[in-house]
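1. one predicted model, sequence on top.
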Amino acid sequence: MTAQPTPKGTPKGAWKITFLLFLFMLVNFADKIVVGLAGAPIMDELKLSPEQFGFLGSSFFFLFSISAIVVGFIVNRIDTRWVLLAMAVIWSVAQFPMVGTVGFTTLVICRIILGAGEGPAFAVAAHAVYKWFPDEKRTLPTAILSQGSAFGVILAVPALNWIIVNHSWHYAFGALGVVGLMWVAAWLVMGKEGPLVQTVAMAAADPHVPYFQLLTSRTFIGCCAATFGAYWALSLGLTWFTPFIVKGLGFSQKDAGWVSVLPWVFGATIVLLTGWISQVMLTRGYTTRGARGVLGSVPLIVGGLILAVLPYVNGAGWQIAFLVVGSGLCGSIYVVCPPMLGEFTPVQQRGAVLAIYGAIYTLAGMIAPFVMGAVIQNAAVPLDGYMTGFTINAVIMAASGLLGLLLLWPNSERKRLIAQVAAQPKFA
C-alpha cells in the first residue's frame, strides 16, 4: 500500500486530474452555450417568439437543481469517478436527436435531459478535485475548474459558429455529442479517485453536523445569495447575449460569433486573477473572510453598478463593453464560494452541501432567460426590452453582492457550528 499523504501534501497526479476536470467543465459549458449561440437561426427556423425562446433557455434548468441535490448525496457514498463518467455519457447522448429535424417540443425535452445530466457537474467536480488538494491549496484548482466554463465558450464558440454559419445549427449539437464521448473515453483511461479522503481518525475529529445547521449558516446563505446574482448574469449570457448582438444591435451571425467570445475572455481573466489573489492573501495571513468573502462579493456590486449604466450608453461598441465588463466581474464569486463551504463542512457531508448550494443558486438560470424573453416580447421595440432586462440583472447582481458582503464569514463558521453540535443534549 502507498502511504497516506500528509494533510499539507499534494498527491502525485493531482494536476492531471484537475486538467481532466477542467476539460469536463469545458464540455459542460460548450453544451450550455450552443442554444444561445444558435438563437437567431433557431428562432427563425422554428418560428419562435422571444417568450418561447426564453422558455427554451429556462428549460435547461427545470431538473438542474433537483438532479444536483440527488447526485450530491450519491457522491457521499459512491466514488466521484463513476458519477462523473455517467453524467458525461448523458450529456453526449442528449445532443444527438438535434442532428435531425426537430420541433420545439423535442428541443425542450432534450435540453431538460441535458440539464438534469449537467446539474451536479460543478459540485461533483469540485468535490472530486478537493480529494487531491488540502484546504489551503484549493482556491487555485477551483479557479482552474471554473475556467472550464470560460474556455468552453472561448474555444467552442468560433468552432460551433462556423458549423452554424456554413452548415446548420443541427450539426453543432452533433459535434458536441462527439466531443462529450471523447472525454468519456479519456476519463475511462486516466480518471482516478483522489486519496485525500476521510480516515477513521479524521471522522472522530470531524463530527457530523446536522444539515439544517449547515444549510442555515450565514455563510451558506451568503454563498447562495451571492452566486444567485452571478448566475442570473451568466444564464442571460448563455441564452440571450448572441441574440442581443444579432437582433438587438444588428450584427451578422458570423460577426456575432466572435463578439460572443468577449464576455468569457474577460470573465476568464477575472476568475484566474481572483484565484491567484486569494491564494496570495491566504499565504500572507489574511483571514478567509477577506481573502474569499470580501474578494468575491465586491466585484458583484461593482459589476451591478456598471450594468445599471448600460441603458444610458450610446453606440454598439460601448454597450458591448459595459455589458462584457459588468457581467464578467461576477466570475469572482465562483472561485471563492466552494472553498468557503469546504472550510466548515465535514468531509462526509461536503458533496451534498456543495450540490445543494449549486441547486439553489442555479435556480436563477430557470428564471432569468424566461424573464428576459417576456420583457423583450412586451417592449415597444426589442432593444428597449433588452435594456430593461439588463437593468433587472444589474439590481439583482448588486443586491446579491451586498448580501455576500454581509453574510460571508467562513473563518468563524466552523468553530460556531461545532460548538452548537457539542452543546446539543445527547440521548441514550
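-> Received, thanks.

2. so where's the longest helix in the chain?
-> Counting residues, the longest helix found in the chain (DSSP state H) is helix 139-166.

3. tell me what it is packed against?
-> helix 14-37, helix 121-129, helix 169-190, helix 253-259, helix 262-283, helix 332-344 (3 or more CB pairs under 8 Å, 6 or more residues apart in numbering; DSSP states H and E). Quick note: C-beta positions are derived from backbone N, CA and C, even for glycine.

4. so which of the ones you listed gets nearest residue 207?
-> helix 332-344 (12.1 Å; CB to CB).

5. pLDDT at the residue nearest to residue 122 when sequence neighbours are not counted, what is it?
-> Of all residues not flanking residue 122 in the chain, residue 358 sits nearest, at 6.0 Å (CB to CB, 6 or more residues apart in numbering). Predicted confidence (pLDDT) at residue 358: the value is 84.

6. turn the helices and strands packed on helix 139-166 into a markdown table, including mean pLDDT and distance to residue 80.
-> Shown next, in a markdown table, are the helices and strands packed on helix 139-166 (pLDDT from 0 to 100; distance: least, CB to CB, whole Å):
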| stretch | mean pLDDT | distance to residue 80 |
| --- | --- | --- |
| helix 14-37 | 88 | 9 |
| helix 121-129 | 86 | 4 |
| helix 169-190 | 93 | 11 |
| helix 253-259 | 83 | 34 |
| helix 262-283 | 87 | 21 |
| helix 332-344 | 90 | 14 |
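
7. how about these in JSON lines, adding mean neighbour count and distance to residue 397?
-> Converted to JSON lines, these look like this (neighbours: other CB atoms under 10 Å; distance: least, CB to CB, whole Å):
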{"stretch": "helix 14-37", "mean neighbour count": "23", "distance to residue 397": "19"}
{"stretch": "helix 121-129", "mean neighbour count": "27", "distance to residue 397": "19"}
{"stretch": "helix 169-190", "mean neighbour count": "18", "distance to residue 397": "29"}
{"stretch": "helix 253-259", "mean neighbour count": "18", "distance to residue 397": "21"}
{"stretch": "helix 262-283", "mean neighbour count": "20", "distance to residue 397": "13"}
{"stretch": "helix 332-344", "mean neighbour count": "27", "distance to residue 397": "10"}
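
8. tell me which of those helices sits nearest to residue 103.
-> Using CB to CB, the nearest of the helices and strands packed on helix 139-166 to residue 103 is helix 169-190, at 12.5 Å.

9. any idea how far that closest one is from the chain center?
-> How far helix 169-190 lies from its chain's middle: 20 Å, per CA atoms, centre = their mean, to the nearest Å.

10. what's it packed up against?
-> With contacts taken as 3+ CB pairs under 8 Å, 6+ apart, helix 169-190 sits against helix 14-37, helix 39-46, helix 80-95, helix 139-166.

11. and of those helices, who's closest to residue 278?
-> Smallest distance to residue 278 across the helices and strands packed on helix 169-190 (CB to CB): 4.6 Å, for helix 139-166.

12. buried ones in that closest one?
-> 139-154, 156-157, 160-161, 163-164 (16 or more other CB atoms under 10 Å).

13. tell me the angle that helix makes with helix 39-46.
-> Helix 139-166 and helix 39-46 meet at an angle of 40 degrees, taking axes from the mean of the first three to the mean of the last three CA atoms, to 10 degrees as the criterion.

14. ok and helix 139-166 relative to helix 169-190, angle-wise?
-> Using the same axes, to 10 degrees: helix 139-166 against helix 169-190 is 150 degrees.

15. next, the angle from helix 139-166 to helix 332-344.
-> Interaxial angle, helix 139-166 versus helix 332-344 (the same axes, to 10 degrees): 140 degrees.

16. now helix 139-166: average pLDDT?
-> Computed over helix 139-166, the average pLDDT equals 82.

17. would you map out the domains in the protein?
-> Domain segmentation of the chain under the TED database yields 11-201, 206-419.

18. quick one on the thing from earlier: who wins for proximity to residue 128 among the helices and strands packed on helix 169-190?
-> Nearest of those (CB to CB): helix 80-95, 3.9 Å.

19. can you give me how far that closest one is from the chain middle?
-> For helix 80-95, the distance to the chain centre is 17 Å (CA atoms, centre = their mean).

20. mind listing what's buried in that helix?
-> For helix 80-95, by 16+ other CB under 10 Å, it's 80, 83-84, 87-88, 91-95.

21. that one to helix 121-129, inter-axis angle?
-> 150 degrees.

22. so what touches helix 80-95?
-> 21, 24, 27-28, 31, 71, 74-75, 110, 113-114, 116-118, 120-121, 124-125, 127-128, 131, 173-174, 176-178, 180-181, 183-184, 187-188, 191-193, 351 (CB atoms under 8 Å, 6 or more residues apart in numbering).

23. CA atoms only for that helix - export them in CSV, please.
-> The C-alpha trace of helix 80-95 is given here as CSV (Å, rounded to 0.1, in the frame of the first residue of the first chain):
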residue,chain,number,x,y,z
THR,A,80,-16.9,10.5,-7.9
ARG,A,81,-15.1,8.8,-10.8
TRP,A,82,-18.1,6.8,-11.8
VAL,A,83,-20.6,9.6,-11.2
LEU,A,84,-18.6,11.9,-13.5
LEU,A,85,-18.5,9.3,-16.2
ALA,A,86,-22.3,8.7,-16.1
MET,A,87,-23.0,12.4,-16.3
ALA,A,88,-20.8,12.9,-19.4
VAL,A,89,-22.5,10.0,-21.2
ILE,A,90,-25.9,11.6,-20.5
TRP,A,91,-24.7,14.9,-21.9
SER,A,92,-23.4,13.3,-25.1
VAL,A,93,-26.5,11.2,-25.8
ALA,A,94,-28.8,14.1,-25.2
GLN,A,95,-27.2,16.1,-28.1
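
24. so it versus helix 14-37, what angle?
-> Using the same axes, to 10 degrees: helix 80-95 against helix 14-37 is 20 degrees.

25. just list the residues touching residue 117, thanks.
-> Contacts of residue 117 by CB under 8 Å, 6+ apart are 67, 87, 90-91, 94.
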